[in-house]
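J.: Output the structure for:
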Amino acid sequence: MQKVVSWAVVLIAFITVFIIEWYTPLHSDDYVYAMLGTSLDMHLNHYLTWSGRVVADYSSALLLASGSRAIISAMTGLLVVVFCYFIVKTPTGTLRWQKHDASIFALVFLTFWIANPNIGQTVFWIVGSANYLWTNLFVVAWIWNLYRIQTQREERTQVVMLILGVLAGCSNESIAPFVVGIAALAIIHDLWRDKRLQLNKCLYFISALIGTSILIFSPGNFIRAHGDAWYQMSIFQRIYVHVSERVFGHLALIWIAYVVLALLALILLYAQKKGLRFNKFNLNVIILSIVIGIGTSLIMVAAPTYPDRVMMSTFVFFLLAVAFLARELLNTANKTVMSGVMAINALLLGVFIWSFSLIYTSYYHVYQQNEVRLEIIDNQLAQKKSEFTIPDFHFLKMQNRGGEFDFWHEAHVYGKYFGAQGIERKTTGFDYSVMVSGKKQSVNANTNAWFNDKGELLLISTQPLEGQIHFTLKGKTMTRAPDGFKFVQINDDYWYYTKIPQGAVAEISIQ
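T.: As a prediction, the model looks like this:
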């Protein structure tokens, strides 16, 4: 029964990520890296002129080169599972599935989903996941192995660990310096404990330093930074602005992780009062993880921009703190303590079900919106248009705005990908997926209507609408004026959208 539960927990995590990724269309920088391809020459030029994130850039290009929705969705689901698994297994120093792993995996995954600072951009956006999921996966794999080496006092040098050091160091700017710092801390700990240096730790430090140097000292980084207003400010001004305007707002993004830690800490206090004993080294690791997590936010003072998705690196260390604390509690085998951890899981599961249902609905509608966008592109290209407009994506309400993927749009990039000169976007302010999911009716020679029984009505006309719009709903004739509709012009068409009472619509006319 325990094996069934364990497999079920992991499989559910994989499937939920797979489903959302399946309904995530290409967007933002996906087009840039799809066109960049896997050519080594192209990526070298990219490194020299734009970005030092060679690991992330090549990862995203490889995924996009597959051109398969199934492969991309499966890889994303697998990456999330493996990422959470390494975090779960770090306190044990082994990858073998053990007692309590199912409970801790559920706790880590549910926290990962619910408290994620920007799950839309760190998981479901292909380029975003390459930058913040792939790279942090290498980091947590490296941390898992270093913790194991440290606690087991292993002196053998692993080639795999040397490679992981380079990959973890060449991750992203907020976490890479701390990878080097953790490696240095392991060396210092050996000097304090054993009064000697261990060659393998020194080599791991060097490999992490090499990876971080490749990332930080990329010529492309300096080219991008040249002339930026942020670097025209004094270091004291930057520190003041960063601490007073950016740090606390970003740390607040993962507030649910703090709640989970606080609840676990309350159980720890209860257990200590009952005389239960805990591993002091692991309790210190929990504190260290929290300190490093805050440090990854503070270090972003060096960056001119601080998007929400960068908080993923901070989030990693709070997830590690959750895993270590949960492991310590469950190792007591105290029924009350274990019931407390299970109660937290039950609470998180309830929030997760609500969150997933909102994200699923929103992404499914965005998937349908993308079908409309692609049809517009095909039609405009068929008319030999080289410059035209598509509607922007419109997300329905989710747990928070962190569920949305990146909205960056460069007209010439989109145009180049689809074979046009430029494709602009325009905000609609409404969900136009009804054009795919709803029923279509011709109103007159110039106008078509789309509607569904959920209370959505969209009319598209080749000329501005005049007169009153009449429709029959539940046997009653209703009237709406066009000026009460949300309106947007897309190329030569005029789009009118409104909410109406739910039910089957019939006999639409304009008079």
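
J.: Residue nearest the middle of this structure, spatially speaking?
T.: For the chain, the residue nearest the mean C-alpha position is Thr122 (2.0 Å; CA atoms, centre = their mean).

J.: For that residue, give me the pLDDT.
T.: pLDDT, Thr122: 97.

J.: Any figure for the gap between it and Leu26?
T.: To Leu26, Thr122 is 17 Å away according to CB to CB, to the nearest Å. C-beta coordinates here come from the backbone N, C-alpha and C atoms, glycine included.

J.: same question, Phe105
T.: To Leu26, Phe105 is 31 Å away according to CB to CB.

J.: quick check: mean pLDDT across the helix or strand where Gln368 lies?
T.: Element membership for Gln368, per DSSP states H and E: helix 335-382. Average pLDDT, helix 335-382: 97.

J.: Likewise for stretch 92-104?
T.: 92.

J.: same check, this time on stretch 275-294
T.: pLDDT averaged over stretch 275-294 gives 95.

J.: what sits up against it?
T.: The contact list for stretch 275-294 (CB atoms under 8 Å, 6 or more residues apart in numbering) reads 91, 147, 151, 178, 181-182, 251, 261, 268, 271-272, 314-318, 320-321, 324-325, 327-328, 332, 334, 337.

J.: Which residue is the nearest non-sequential neighbour of Thr389?
T.: Nearest residue to Thr389, sequence neighbours excluded (CB to CB, 6 or more residues apart in numbering): Glu424, at 4.6 Å.

J.: Over to Ile126?
T.: Asp30 (5.1 Å).

J.: just Met35 next, same as before
T.: Nearest in space to Met35, with sequence neighbours left out and distances taken as CB to CB, 6+ apart, is Tyr417 at 6.0 Å.

J.: Let me know the next secondary structure element after the helix holding Gln368.
T.: Along the chain past helix 335-382, the next helix or strand (assigned with DSSP H and E) turns out to be strand 387-391.

J.: Could you check that following strand and say which residues are buried?
T.: Residues Phe388, Thr389, Ile390, Pro391 are the ones in strand 387-391 that count as buried (16 or more other CB atoms under 10 Å).

J.: correct me, but Leu63 touches Ser73?
T.: No. At 10.4 Å, Leu63 does not count as touching Ser73 under the criterion of CB atoms under 8 Å.

J.: So between those two, which is more surrounded?
T.: Neighbour count, other CB atoms under 10 Å: between Leu63 and Ser73, Leu63 has more, with 23 against 20.

J.: Tell me who's in contact with that one.
T.: Counting by CB under 8 Å, 6+ apart, Leu63 touches Ile71, Ile72, Met75, Ile126, Ala130.

J.: In helices, which of those residues appear?
T.: Per DSSP state H, helices hold the following members of the contacts of Leu63: Ile71, Ile72, Met75, Ile126.

J.: Hmm, the second one is touching Ile20, no?
T.: No. With contacts defined as CB under 8 Å, Ile72 does not count as touching Ile20, sitting 11.8 Å away.

J.: Please say which of these two ends up with more neighbours.
T.: For Ile72 versus Ile20, the count of surrounding residues by other CB under 10 Å is larger for Ile20: 24 against 21.
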